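Asks: Fold the following and give me the result.
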Amino acid sequence: MSHQTGIRASQDLLALFADAKNEQSSVRVIKVTIDTTSDPEQLVESGRDDVNGTWENDFGKICPMVQDKEACYIFYKFDRKADDQNTKWLFVMYIPDNSPPKSKMLYASTKSTCKSEFGGKQFIADEVNPSTKAELTLDGYEAHVEHKAAPVPLSMDELEIQRIKESEIRADVNVDSKHQTMQGVAFPLSEDAMDALQSLKDGRVTFVQLNLDLVKETIELSDTNTCDVNSLSSHIPEGTSRYNFFCFKHQYEGDYKEDVVFIYSMGGYSSPIKERMLFSSGKAPCLSVVEDHLGIPLVKKVEIDSTEKITADSMMDIVHPIRSVHKPKFDRPKGPGGRSGARRIIKNTDN
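Replies: Below you'll find the model as predicted:
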């Protein structure tokens, strides 16, 4: 389960969602915001517009609905195709860079709930997370679609590795054949987990914790927060395994740095053997997704068995270990004191 704010949609908004998803509905776009003045806080409608042309022609309706410093959600309806069972929608989480930090956190933490209240993947065909109005134009969305469909760019070293792997995985078997071995169990990351890691990359959160669902065999979001290093240990449970990603904000040699550290908290012998084995096997493929697919550089990867080891000083030592300039040479052991004594007599066995 993901760490959410508990903010739900108002009854009026739920009724609008139900009506908009109807095949005969004329609604093209819905703007949703979080009403922080109500008790309790809730998701409410802040604007809507109807269909006038094709979805491409109507895309310009989105920009006038958003404000410069105001975060919001947008639901935009695509034109229904003949083979679509339901109407398909584009989900937009618009969080401008100059929004208040509290607002950024609130909308990022309520995103999954908002999509779930609408109907989830059954109706949402695509989603974007823009921070500028230029990204809310049709050109901006088409650039997103093109980027999404493009293959991941590879460096020269990665291309060489890919070529080697392709040449190694062959059907013929002989004494010179090489075989691909399993480097770990690649459990898929849930949508919430991917969204949280993207928020970590974008600087909206500083801490993301992932848990392995042993039943579904997926990696799920367990917690996301904006904690600092002093409160980090309170977010990592004892006695159970977790994958933790923490953005360590600090000053080093006069420079401000934001370094992402991976912390594998191991449950120890108090956790089941199967859990320990699967967490250990799934770690490498999970990190591959984070570094290679999402492009999040991990400056350090550490394993801990107790949260007592997580302090500001220990984190600084992990990220910036002290390097010893003086490297003592190995001294040959001294022989016994005094004279070495008379020479030994070795018996000749030749005769």
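Asks: mean confidence score for stretch 19-27?
Replies: Averaging pLDDT along stretch 19-27 yields 91.
Asks: and it, how far apart are its ends?
Replies: End-to-end distance of stretch 19-27 (Cα to Cα, to the nearest Å): 9 Å.
Asks: which regions of the stretch 101-250 of the chain sit below the pLDDT cut-off?
Replies: Scanning the stretch 101-250 of the chain for pLDDT under 70 picks out the ranges 153-154, 156, 159-160, 162-184.
Asks: Show me where the stretch 201-350 of the chain has its helices.
Replies: For the stretch 201-350 of the chain, applying DSSP state H, counting those that start in this stretch gives helices covering 273-288, 312-319.
Asks: Okay, domains of the protein per the record?
Replies: The chain breaks down into these domains under automatic domain parsing: 8-149, 191-319.
Asks: any chance of those domains in TSV, with mean neighbour count and distance to residue 185 too?
Replies: (C-beta placed from N, C-alpha, C; glycine too.) Putting the domains of the chain into TSV (neighbours: other Cβ atoms under 10 Å; distance: least, Cβ to Cβ, whole Å) gives the following:
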stretch	mean neighbour count	distance to residue 185
domain 8-149	16	25
domain 191-319	17	4
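Asks: and residue 161, which of those is closest to it?
Replies: Counting by Cβ to Cβ, residue 161 lies closest to domain 191-319 out of these; the figure is 11.5 Å.
Asks: Quick one: closest of the domains of the chain to residue 158.
Replies: Using Cβ to Cβ, the nearest of the domains of the chain to residue 158 is domain 191-319, at 8.7 Å.
Asks: how far does that closest one sit from the chain's center?
Replies: Counting by Cα atoms, centre = their mean, to the nearest Å, domain 191-319 is centred 10 Å from the centre of its parent chain.
Asks: end-to-end on that domain?
Replies: 29 Å.
Asks: that older thread, possible to save the domains of the chain as JSON lines with distance to residue 161?
Replies: Listed next are those as JSON lines, based on distance: least, Cβ to Cβ, whole Å:
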{"stretch": "domain 8-149", "distance to residue 161": "24"}
{"stretch": "domain 191-319", "distance to residue 161": "11"}
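Asks: Now the phi/psi pair for the most centrally placed residue in the chain, please.
Replies: Taking Cα atoms, centre = their mean, the centroid of the chain lies closest to residue 197, which sits 2.0 Å from it. Phi and psi for residue 197, reported as degrees, to the nearest 10, are phi -70, psi -40.
Asks: For it, give me its contacts.
Replies: By Cβ atoms under 8 Å, 6 or more residues apart in numbering, the contact list for residue 197 reads 189, 208, 245, 290, 294, 296.
Asks: so which of those residues would you say is closest to residue 319?
Replies: For these, the nearest to residue 319 is residue 245 (13.8 Å; Cβ to Cβ).
Asks: follow-up on the earlier one: closest one to residue 33 out of the contacts of residue 197, please.
Replies: residue 208 (25.0 Å).
Asks: now the helices of the stretch 201-350 of the chain in a markdown table, with mean pLDDT and distance to residue 91?
Replies: Listed next are these as a markdown table, based on pLDDT from 0 to 100; distance: least, Cβ to Cβ, whole Å:
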| stretch | mean pLDDT | distance to residue 91 |
| --- | --- | --- |
| helix 273-288 | 88 | 25 |
| helix 312-319 | 89 | 36 |
